[in-house]
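>>> okay, structure incoming, though there's no sequence with it:
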């Protein structure tokens with residue numbers, strides 16, 4: 001067995017040993033505490049409800065980073081919420097384990113091919129693939145929810161005008177609409193059916209979804225319950241407003257399409273050219289592999305350029 005193979009197996013073995021020790025420590029010291037925290041939250045749910053009643057709604061609506069939730073959330077809770085917003089069934093433990101395994105395989109593979117410890121961290125970038133997939137799924141799910149909300153609000157408004165109650169209208173949306181909106185409204189309806197306060201259930205739904213239009217819907221329901229008003233007319237106007245926002249979003253996306261295509265071309269072209277040179281003229285491109293500092297500098301420059309272009313084409317409105 002060659003020295004590089006021995007070093008590769010050593011690298012992979014040490015990585016998996018560290019991961020195993022980490023999960024053992026987690027199971028011994030943290031998992032029990034998290035289960036205890038969940039039980040305490042269930043036991044003191046009334047206190048959480050009283051906190052929600054005392055919080056300023058409009059201030060939370062204007063502050064997007066507050067997330068329409070309690071401000072005492074830990075990093076672990078935010079991480080779980082991030083996974084929930086993507087619709088993924090992964091637990092934080094599975095996500096971290098898959099990321100570490102991909103990073104170990106990528107770094108070990110690069111080290112086995114190049115026999116260089118300096119290039120091995122480049123292969124460990126593969127550990128970011130689960131995070132990229134979760135971000136992509138979260139964006140897709142958010143976009144689908146935004147497109148489904150106008151029709152859902154219109155359906156609730158028509159049901160209220162027909163004399164049905166709000167729980168019946170919510171159940172109708174949960175049964176008749178496709179995923180992912182039906183999943184969220186089903187969870188919201190089941191929470192109400194089990195006796196959870198309406199405001200607490202709304203806040204939990206907004207925490208899971210994190211869509212501005214749904215925050216407005218939650219604030220409208222809570223204010224209507226406290227002060228009264230024509231909820232059917234309010235939901236009709238809200239549906240029209242969301243349709244206008246979706247139309248504006250599509251227009252902005254069309255106007256910035258050229259910039260996004262330029263970003264894709266500028267990022268993909270150097271990689272494709274390098275791959276073509278490695279196949280057609282390996283002697284010519286071997287200088288880059290011998291001086292890996294150039295490749296690292298190019299990768300950093302590519303990342304900076306992609307970040308700057310994304311800041312230019314992503315317009316907040």
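On my side now, so go ahead. Since the structure is predicted, the reported quantities are computational estimates derived from the model, not experimental observations. Numbers count the residues shown, from 1 in each chain.

>>> skipping adjacent residues, who's closest to residue 154 in space?
Leaving aside its sequence neighbours, residue 154 sits nearest to residue 239 (CB to CB, 6 or more residues apart in numbering; 4.6 Å). (Each C-beta comes from the backbone N, C-alpha and C, glycine too.)

>>> to clarify, my last question referred to residue 157.
Leaving aside its sequence neighbours, residue 157 sits nearest to residue 235 (CB to CB, 6+ apart; 4.1 Å).

>>> I'd say that neighbour and residue 220 touch.
Yes. Using CB atoms under 8 Å, residue 235 is in contact with residue 220, at 7.2 Å.

>>> looking at the two, which is more packed in?
Each of residue 235 and residue 220 has its neighbours counted (other CB atoms under 10 Å); residue 235 has more, 25 against 18.

>>> mean confidence for the one helix or strand the more buried one maps to?
If you go by DSSP states H and E, residue 235 is part of helix 231-255. Mean pLDDT, computed over helix 231-255, is 84.

>>> which strands and helices sit next to that helix?
Packing partners of helix 231-255 (3 or more CB pairs under 8 Å, 6 or more residues apart in numbering; DSSP states H and E): helix 129-161, helix 212-227.

>>> these: lowest mean pLDDT?
helix 212-227 (a mean of 82).

>>> which helices and strands sit right next to it?
If contacts are counted by 3+ CB pairs under 8 Å, 6+ apart, helix 212-227 sits against helix 57-62, helix 129-161, helix 198-209, helix 231-255.

>>> and the third one, how far from the chain's centre?
To tie it back to what came earlier, the one meant is helix 198-209. Distance, stretch centre to chain centre, for helix 198-209: 17 Å (CA atoms, centre = their mean, to the nearest Å).

>>> for that helix, buried residues please.
For helix 198-209, the neighbour count (16 or more other CB atoms under 10 Å) marks 198-209 as buried.

>>> ok, so of those, who is nearest residue 270?
Nearest to residue 270 out of the buried residues of helix 198-209 is residue 209 (CB to CB; 38.2 Å).

>>> quick check: domain ranges of the protein?
3-136, 139-252, 257-313 (automatic domain parsing).

>>> tell me which of the ones you listed is the most buried.
Ranked by mean neighbour count, the domains of the chain are led by domain 139-252 with a mean of 17 (mean count of other CB atoms under 10 Å).

>>> how far does that one stretch from start to finish?
17 Å (CA to CA, to the nearest Å).

>>> what's the answer for stretch 121-136, then?
Terminal residues of stretch 121-136 are spaced 24 Å apart (CA to CA).

>>> again, but for stretch 272-286
With CA to CA as the measure, the ends of stretch 272-286 fall 16 Å from one another.

>>> circling back to that earlier point, what does the helix holding residue 235 contact?
146-147, 149-151, 153-154, 156-158, 160-161, 166, 213, 216-217, 220-221, 224, 315, 317 (CB atoms under 8 Å, 6 or more residues apart in numbering).

>>> find the nearest non-adjacent residue to residue 83, please.
residue 90 (5.9 Å).

>>> what values do phi and psi take at the one you found?
phi -70, psi 140 (degrees, to the nearest 10).
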